[in-house]
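can you look at this prediction? I've put the sequence above it.
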Amino acid sequence: MSNPIVYGASWCPDVKRSRALLDDKGVEYDYVDVEADPAAEARVRELQDGARRIPTIVFADGSHLVEPSDDELNARLSR
């Protein structure tokens with residue numbers, strides 16, 4: 001199974017919170033800064049019908065969460 005991909009930006013408090021939760025749980029993930037990678041920003045916009053809300057977390061099965069709360073992210077990780 002491949003790692004989840006966290007699309008975000010370093011200045012975003014929601015990205016920091018989600019990454020901290022993943023780190024605390026020992027979840028390995030790939031981080032992509034949408035401000036440094038135009039292709040990543042395009043992928044986020046594709047997933048969100050043109051929006052660019054972060055964090056966007058994409059899982060190995062193709063599902064994704066946009067700006068998840070800690071509860072939402074925990075629920076997805078416990079599947």
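Okay, I see it. Owing to the predicted nature of the structure, the values given are computational and were not obtained by experimental measurement. Numbering: from 1, shown residues only.

next, count neighbours for Arg53.
Using other C-beta atoms under 10 Å, Arg53 is surrounded by 14 other residues. Backbone N, C-alpha and C define where each C-beta goes, glycine included.

for the residue nearest the centre of the chain, which residues are in contact?
Closest residue to the average C-alpha location of the chain: Ile57 at 2.4 Å, with C-alpha atoms, centre = their mean. Ile57 sits next to 4-7, 18, 29, 64-65, 68, 73 when contact means C-beta atoms under 8 Å, 6 or more residues apart in numbering.

ok, Thr56 to Val34 distance?
Between Thr56 and Val34 the distance is 8 Å, computed by C-beta to C-beta, to the nearest Å.

with neighbour numbers in mind, choose between those two.
A side-by-side neighbour count of Thr56 and Val34, using other C-beta under 10 Å, places Thr56 first with 26 against 22.

the more buried one contacts Leu73, correct?
No - the criterion here is C-beta atoms under 8 Å, and Thr56 misses it with Leu73 at 12.0 Å.

shared neighbours of Thr56 and Val34, anything?
Residues within reach of Thr56 and of Val34 at once, by C-beta under 8 Å, 6+ apart, are 7-8, 44.

so which of those residues comes closest to Pro38?
Val44 (10.8 Å; C-beta to C-beta).
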